[in-house]
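Novice: Sequence and predicted structure, then a few things I'm wondering about:
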Amino acid sequence: MREGEPHFEDQPVTEPFLVGETLKEGEFSIRELKDNPDKVVRTESMVGSVEETVVHYKTIKDRFAEMRDDYGVNIPDMDIVMGESEPGKPSVFMIVDKIEGKDLGELETLPENSREKFETFYANFLQSIFYGYKQKKPFYRDIKTGNIMYGHKSKEKGAEEDFFLTDVGGGFQDGNFIEFHGQFIETDYNEAFFRSMINAKSDLQEYEKKFGENAELKSIREKLEEIYKYCKDNKQQELGAFFIKDPTTQEAFK
């Protein structure tokens, strides 16, 4: 088995590592590791059988690797372990680099000298999603300010601040729900992509404000225009069904 590939212990143990402080509460809690302060662990859900779960999370891991290697999207290194979150309850534990910094929803401003770096990061992020959609592959759909951090890897002391996609859990469109304007909405594959791009457009306005008055992130706007044009030229039937279901979204595609 290759290093880092999801694996399942013959005799799974409850939380097969020493966990420390809880950094984020909830169903998918995030905790520090006592024996490695540069890593955090997130508890994920099983997806069917053990075999189905291994395939599911290996696909996610491969897609994140593709986003990093082919599109230059900064993503924390990850390892996936399967065990038990409590006796008799199989779970998935995703262990990732700890990022020292804040997410973009927490920051009121961003330094002007990071603007070009962010434009490159976010335009490439959108392109990786766009490519996945056009190829009918799972694509990252959990677009929101809280899933991007500005900072550095804890293990790289003194490193230059950068942008990281930090929600590396099950954020790919292979399920049925997407967060849209603060609500979880049941979607199909096409609708999830359309709503993701609306979320991205809304977030872009917030990002521009963080860089200062009259700031325009031109390359990101151009990438979104390219994506919206593709949808209008090639997905008319799917867009039509989407607008019938939710007429309030039609304005975004004008």
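Specialist: Here it is on my side, so go on.
Novice: What are the boundaries of the helices in the chain?
Specialist: Along the chain, counting by DSSP state H, helices occupy 50-71, 115-134, 189-210, 218-234, 236-245.
Novice: Which of the ones you listed comes out lowest on mean pLDDT?
Specialist: In terms of mean pLDDT, the lowest-scoring of the helices of the chain is helix 50-71 (a mean of 87).
Novice: and it, what other elements does it pack with?
Specialist: strand 7-8, strand 78-86, strand 89-97, helix 115-134 (3 or more CB pairs under 8 Å, 6 or more residues apart in numbering; DSSP states H and E). Quick note: C-beta positions are derived from backbone N, CA and C, even for glycine.
Novice: Give the buried residues for that helix.
Specialist: Neighbour-count burial for helix 50-71, counted by 16 or more other CB atoms under 10 Å, picks out 53, 54, 56, 57, 60, 61, 63, 64, 67, 68, 71.
Novice: now the angle from that helix to strand 89-97?
Specialist: Interaxial angle of helix 50-71 relative to strand 89-97 (axes from the mean of the first three to the mean of the last three CA atoms, to 10 degrees): 20 degrees.
Novice: Residue ranges of each domain in this protein, please.
Specialist: Following automatic domain parsing, one finds the domains of the chain at 7-97, 99-253.
Novice: start to end distance for the last one?
Specialist: Which is domain 99-253. Distance across domain 99-253, first residue to last, is 35 Å (CA to CA, to the nearest Å).
Novice: Now find how far off-centre that domain is within its chain.
Specialist: Mean-position distance between domain 99-253 and its chain equals 9 Å (CA atoms, centre = their mean, to the nearest Å).
Novice: what would the helices and strands packed on helix 50-71 look like in JSON lines with distance to residue 158 and mean neighbour count?
Specialist: Listed next are the helices and strands packed on helix 50-71 as JSON lines, based on distance: least, CB to CB, whole Å; neighbours: other CB atoms under 10 Å:
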{"stretch": "strand 7-8", "distance to residue 158": "34", "mean neighbour count": "14"}
{"stretch": "strand 78-86", "distance to residue 158": "23", "mean neighbour count": "17"}
{"stretch": "strand 89-97", "distance to residue 158": "16", "mean neighbour count": "19"}
{"stretch": "helix 115-134", "distance to residue 158": "17", "mean neighbour count": "19"}
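Novice: is it true that residue 46 touches residue 85?
Specialist: No - using CB atoms under 8 Å, residue 46 is not in contact with residue 85; the gap is 9.8 Å.
Novice: what's the overlap in contacts for the two?
Specialist: Shared contacts of residue 46 and residue 85 (CB atoms under 8 Å, 6 or more residues apart in numbering): residue 91.
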